[in-house]
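Peer 1: Predicted model and sequence follow; I will ask about them next.
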Amino acid sequence: MTATPVASSINSTALPVTATIGALGVVYGDIGTSPLYALKEAARAAADGGTPSPGAILGLVSLILWALILIVSIKYALLILRADNRGEGGIVALLALLHVRSAAPGTWRAQLLIVGLVGAALLYGDGAITPAISVLSAIEGLKVDAPSLAHIIVPITIVILVGLFIMQKHGTSIIGQIFGPVMFVWFAVIAALGIHGIVKAPAVLAALSPLHAFEFLIHEDFRISFAVLGAAFLAVTGGEAMYADMGHFGRVPIRLAWFSVALPALMLNYFGQGALLLTDPTALDHPFYQLAPDWAQYPLVALATVATVIASQAIISGVFSLTQQSIQLGFLPRMQINHTTSHAIGQIYVPLVNWLLAAATLGAVIVFGSSDALAGAYGIAVSLLMVITTLLAALVAIQWGYSPVIVIAVNGFFFIIDCIFFAANSTKLIEGGWFPLVLAGVVAFLMLTWRSGVKLVEGARGRLRQPEEELIETAISKCRARLSRTAIFLASTPTGVPLALTQFVKHNQCLHERVLLVTILIAESPRIADEDRVEVIEITQGITRVILHYGFMQYPTIHEGLRLACRQGKLEGIDLADVTYYIGRETIIPREDVPGMWVWREAIFAFLQRNAERTAAFFDVPTRQVVEFGTEIEI
């Protein structure tokens, strides 16, 4: 997922060991809990209703091993992590690097924006499925020792997930500190279980050779091979998180955590499960739990539950972070964003997204009812996201001056692998793959509708907006009086006159002694330093334009930005406690006779705009100092 708030107190400047342990808890929570279900689903697909042969088991283990090596280790850890935007990663960072936000309509960059937004939307589908399948697969361990408890698995899962979503509003600063150590214990335990299984059947080590995976896929029935590929892909879901969370931990700690802890532990556990199936093919139902001795079953279920809750928390927090970045870049309407702690940047809670995600996750648990059924819904969104990420990363590499021949050869190889896995997962469409795709489709549609609507509104504003020359003339010769104190007018662009100011002068025939036109610009860089934050331009006597620059990972606050300008001496003689903020509040009127989107899409945009967070609240403007001017805009 995208950069997660639980990790915000640990960054790339932290001690390598601290950052590495932190990365285990946040970056590898999802992929680290995949052994609960990945090999089981792959073995069932290979068995096709029976029991898998020894050759099939060796092929499955080899396939999972080399998928982890090729996709996660080489593609992500060694290559994709190079495509950073000043230290930040993720699909939004790639879009920013390609400068697609300002692309002219109809150009190839504009088409890339659509592809990138679809990729971002896929993360929401993944965010709904991951908590459901992870927690369900952990609780299902109860059936191994007590089959009579099968009927309470879904209710227990729902209770845990409801508690997890309720907890979000309180923040994760305290429990976030234990994520890393707990996941370190988890990786140590699954490695020990794997070694225990390998000792009993060391013949499984033959799966180190990729020939077993190749021979299995070539000689097996095409239908079964494709089903196995789709199931085996579950072992690498979550690998994309190492790129998304790069900004919080840094390249080195993420790689160190993967190659020194996560990858060895996962390899050992998958080999251990394979060894168990070689000696006991009937252990197909729960090979992960049956690796453990009887006395360890319930403690293992408890540890697995904690690990899957951690993986779910990282996904939920990542969705919050992605939402904030999308809002900053103009891909989603403004929403209420609560900062859950004052000492760690990025720990946020988005109520609307939290409860929509909760509804989707709980709906998945209730509708599908088991991790086996959910496995059919899982993987298709992530595999398509990996295809998009590989494509965008290749374009970034070419833009940075790497040889197109080398880029096409290397990224083309991984693009083909990603497409094969996506094609294999597409066979799950009827079984449940439609679920995350529908969620992603809805989010992508809303993103594209919002972005198109914002452009139409800005065009309409531009036609109504006065040029600065008229404002200067008004200030000099047409205003009957000058009011005392300072007025601050929020402007959506750094040129022209805000509509609220035009309305004010039109109705009052006067201006304040001091007028500030304040605009917030979100850069395609993750962060803007304080010394580059404020730009002040004198328009005429008493009228000043202030432009506040923020990165897409920063939260734009007008009051704090103006205080910074005052401290830096760029604004003098202003008491921010004694100013009035004038803000335009627009009512969107969809019209069929005005060029734009289809009128039904304009109606959806108008609904989103009406229900978006108020400008004053979103930009943290002091409530008692705000005056709003209403304007109707036809699109």
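Peer 2: Great, that's in hand.
Peer 1: Output the host helix or strand of residue 388 as PDB - backbone C-alpha positions only.
Peer 2: Here residue 388, judged by DSSP states H and E, is contained in helix 380-399. Only the C-alpha atoms of helix 380-399 are listed here, as PDB (Å, rounded to 0.1, in the frame of the first residue of the first chain):
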ATOM      1  CA  ILE A 380      -6.700 -10.000  -9.400                       C
ATOM      2  CA  ALA A 381      -6.500  -6.300  -8.200                       C
ATOM      3  CA  VAL A 382      -2.900  -6.700  -7.000                       C
ATOM      4  CA  SER A 383      -1.700  -8.400 -10.200                       C
ATOM      5  CA  LEU A 384      -3.200  -5.600 -12.300                       C
ATOM      6  CA  LEU A 385      -1.600  -3.000 -10.000                       C
ATOM      7  CA  MET A 386       1.700  -4.700 -10.500                       C
ATOM      8  CA  VAL A 387       1.300  -4.500 -14.300                       C
ATOM      9  CA  ILE A 388       0.600  -0.800 -14.100                       C
ATOM     10  CA  THR A 389       3.500  -0.200 -11.700                       C
ATOM     11  CA  THR A 390       5.900  -2.000 -14.000                       C
ATOM     12  CA  LEU A 391       4.800   0.100 -17.000                       C
ATOM     13  CA  LEU A 392       5.000   3.400 -15.200                       C
ATOM     14  CA  ALA A 393       8.400   2.600 -13.700                       C
ATOM     15  CA  ALA A 394       9.700   1.800 -17.100                       C
ATOM     16  CA  LEU A 395       8.600   5.200 -18.400                       C
ATOM     17  CA  VAL A 396      10.200   6.900 -15.400                       C
ATOM     18  CA  ALA A 397      13.500   5.100 -16.100                       C
ATOM     19  CA  ILE A 398      13.400   6.200 -19.700                       C
ATOM     20  CA  GLN A 399      12.600   9.800 -18.700                       C
END
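Peer 1: Give the buried residues for it.
Peer 2: Buried residues in helix 380-399, counted by 16 or more other Cβ atoms under 10 Å: 380-397. All C-beta atoms are positioned from the backbone trio N, CA, C, and that covers glycine.
Peer 1: just checking, what packs against it?
Peer 2: helix 91-97, helix 108-139, helix 404-426, helix 434-464 (3 or more Cβ pairs under 8 Å, 6 or more residues apart in numbering; DSSP states H and E).
Peer 1: Adding distance to residue 44 and mean pLDDT, write the ones you listed out as a markdown table.
Peer 2: Below are these laid out as a markdown table (distance: least, Cβ to Cβ, whole Å; pLDDT from 0 to 100):
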| stretch | distance to residue 44 | mean pLDDT |
| --- | --- | --- |
| helix 91-97 | 32 | 85 |
| helix 108-139 | 14 | 89 |
| helix 404-426 | 15 | 94 |
| helix 434-464 | 20 | 91 |
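Peer 1: And the ones you listed: which comes nearest residue 222?
Peer 2: Smallest distance to residue 222 across the helices and strands packed on helix 380-399 (Cβ to Cβ): 10.8 Å, for helix 404-426.
Peer 1: So which bits of that closest one are buried?
Peer 2: Neighbour counts over helix 404-426 (16+ other Cβ under 10 Å) mark 407, 410-411, 414-415, 417-418, 421-422, 424-426 as buried.
Peer 1: quick one: which of those is nearest to residue 190?
Peer 2: residue 421 (23.4 Å).
Peer 1: My guess is residue 447 contacts residue 121. True?
Peer 2: Yes - using Cβ atoms under 8 Å, residue 447 makes contact with residue 121 at a distance of 6.3 Å.
Peer 1: helices and strands of this protein: which one bottoms out on pLDDT?
Peer 2: The weakest-scoring helix or strand in the chain, judged by mean pLDDT, DSSP states H and E, is helix 246-249 (a mean of 78).
Peer 1: Give the closest residue to residue 369 in space, chain neighbours not counted.
Peer 2: The shortest distance from residue 369 to any residue other than its chain neighbours is 6.0 Å, reached at residue 154 (Cβ to Cβ, 6 or more residues apart in numbering).
Peer 1: Just checking, which helix or strand succeeds the helix or strand hosting the one you found along the chain?
Peer 2: If you go by DSSP H and E, residue 154 is part of helix 153-167. The helix or strand immediately downstream of helix 153-167 is helix 173-200, counting by DSSP H and E.
Peer 1: by contact count, what packs against that following helix?
Peer 2: By 3+ Cβ pairs under 8 Å, 6+ apart, helix 173-200 packs against helix 16-26, helix 29-32, helix 263-279, helix 297-328.
Peer 1: And the contacts of the helix or strand that comes right after it?
Peer 2: For helix 173-200, the following helix or strand on the C-terminal side (DSSP H and E) is helix 210-219. Where contact means Cβ atoms under 8 Å, 6 or more residues apart in numbering, the residues beyond helix 210-219 that reach it are 46, 55-56, 58-63, 65-66, 206-207, 225, 228-229.
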